[in-house]
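**Student:** my questions concern the predicted model and sequence given below.
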Amino acid sequence: MISLIICTYKRPKSIENLLNSIQKCTIKPTTILIIDASPDTRTQDLIHHLDLSEINVNYYTVNDDHRGLTRQRNYGISKLTDNNEIVAFLDDDVIVEPDYFEKLIETYSIYPDAIGVGGIDLKDNGYCRKLVGVNYNRFHFYELDGWVVRESLRNKARKIFGLMPDLQPGLIPEYSNGRSTFPPNGKTYLVEHFMGGIASYRKQLFDHIKFSRYFEGYGLYEDFDFCVRALPYGKLYVNANAKIWHHHEPSGRPDFLKYGKMVVRNGWYVWRVHYPSPSLKSKLKWHAITLLLANIRLANSITGPDKKNAFMDYLGRMIAWASVLINPPSINYKPD
């Protein structure tokens with residue numbers, strides 16, 4: 001059976017939508033822990049008034065000592081009291097398909113070496129089946145197992161400069177910055193990382209590692225870091241039949257300047273956790289990708305619809321890029 005931890009911050013309506021979708025699942029978590037770091041009582045009031053007769057919900061509020069995604073997840077882990085073998089994590093702004101938990105559990109049964117299993121996000125997924133007789137230009141499209149997705153501007157730019165890896169999604173090139181999305185084709189893939197907002201792990205893993213406190217607050221790339229540190233303990237898989245819809249609720253997210261800084265500085269950190277001593281070529285590629293993507297955001301600030309936020313994102317990335325040259329994060333940071 002499976003336990004579920006949901007960390008939330010100022011998103012009562014999202015929590016309501018998620019819990020309603022879980023109540024429609026074919027297999028439901030036997031225990032759901034909601035770890036709420038909101039400064040108000042709106043989520044708490046909502047939980048107390050919802051009809052949750054189909055599920056077992058345990059609600060916890062946390063203070064500043066446990067506020068922030070990775071701290072809240074670790075707090076939730078510390079509150080697990082059942083003997084369930086699997087612990088799942090969902091972001092508070094997702095909706096699950098009715099067979100989501102069924103497919104997670106099924107994957108662990110088929111792959112007993114699995115230490116973690118992730119799912120896929122259907123919202124803005126972009127993949128469609130290949131049409132017979134149609135020639136898909138590899139510059140404009142990426143193909144995987146009979147499915148295709150149109151390449152984004154950033155991926156096309158990376159292809160021009162030879163900075164796009166020829167690897168399956170979920171695998172990590174030596175210069176990081178690989179692909180992460182899969183088509184809804186029902187297949188299961190062996191991976192090195194998956195998205196933390198639709199993740200699950202065997203409970204025994206938490207006897208060895210916890211979520212890193214390096215990722216304070218919003219926690220960008222904390223999932224990448226945790227997956228990399230989980231690899232010595234077992235295999236990671238993504239089941240493309242375990243599907244959710246991630247609605248990316250804007251409330252609770254950092255401003256664009258801070259987000260831009262996190263993209264680069266946290267990105268550098270997780271890259272070097274996995275590859276502590278990359279080759280000179282890989283170092284140059286990482287920096288080239290960082291500068292290329294930053295300049296795409298600069299171009300967005302001139303031609304795009306959201307010019308101010310795009311520029312603040314660009315500025316944050318450039319500040320963080322300079323900072324990793326002068327004062328890079330310590331990869332010996334205590335990981336819990």
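**Tutor:** Noted; the coordinates are in hand. Everything numeric here is computed off the predicted structure, so don't read it as measured data.
**Student:** how about the residue nearest to the spatial centre of the chain, what does it touch?
**Tutor:** By CA atoms, centre = their mean, the chain has its centre lying nearest to Met195, at 2.8 Å. Each residue near Met195 by CB atoms under 8 Å, 6 or more residues apart in numbering is listed here: Gly118, Asp121, Ser180, Asp223. In short, each C-beta sits where N, CA and C put it, glycine included.
**Student:** who touches the third one in this structure?
**Tutor:** Each residue near Ser180 by CB under 8 Å, 6+ apart is listed here: Pro169, Gly170, His193, Phe194, Met195.
**Student:** secondary structure class for the third one?
**Tutor:** Okay, so that is His193. When the structure is reduced to helix, strand and coil (DSSP: H, G, I helix; E, B strand; the rest coil), His193 reads as coil.
**Student:** what is the neighbour count of the residue lying closest to Asp306 once chain neighbours are set aside?
**Tutor:** Counting by CB to CB, 6 or more residues apart in numbering, the nearest residue to Asp306 once its immediate chain neighbours are dropped is Asn300, at 7.5 Å. Close neighbours of Asn300, defined as other CB atoms under 10 Å, add up to 18.
**Student:** so Asn300 is in which element?
**Tutor:** Using DSSP states H and E, Asn300 maps to helix 280-303.
**Student:** go through that helix and flag the buried ones.
**Tutor:** Buried residues in helix 280-303, counting neighbours by 16 or more other CB atoms under 10 Å, are found at 282-283, 285-286, 288-290, 293-294, 296-298, 300-301.
**Student:** and the residue sitting furthest away from the middle of the chain, how far from His140?
**Tutor:** Taking CA atoms, centre = their mean, the residue of the chain most remote from its mean C-alpha position is Gly133, at 35.5 Å. When CB to CB, to the nearest Å is the yardstick, Gly133 and His140 sit 17 Å from each other.
**Student:** quick check: buried residues in stretch 62-70?
**Tutor:** By neighbour count, with 16+ other CB under 10 Å as the criterion, the buried positions of stretch 62-70 are Val62, His66, Arg67, Gly68, Leu69, Thr70.
**Student:** nearest spatial neighbour of the first one, chain-adjacent residues omitted?
**Tutor:** By that I understand Val62. Of all residues not flanking Val62 in the chain, Ala37 sits nearest, at 5.2 Å (CB to CB, 6+ apart).
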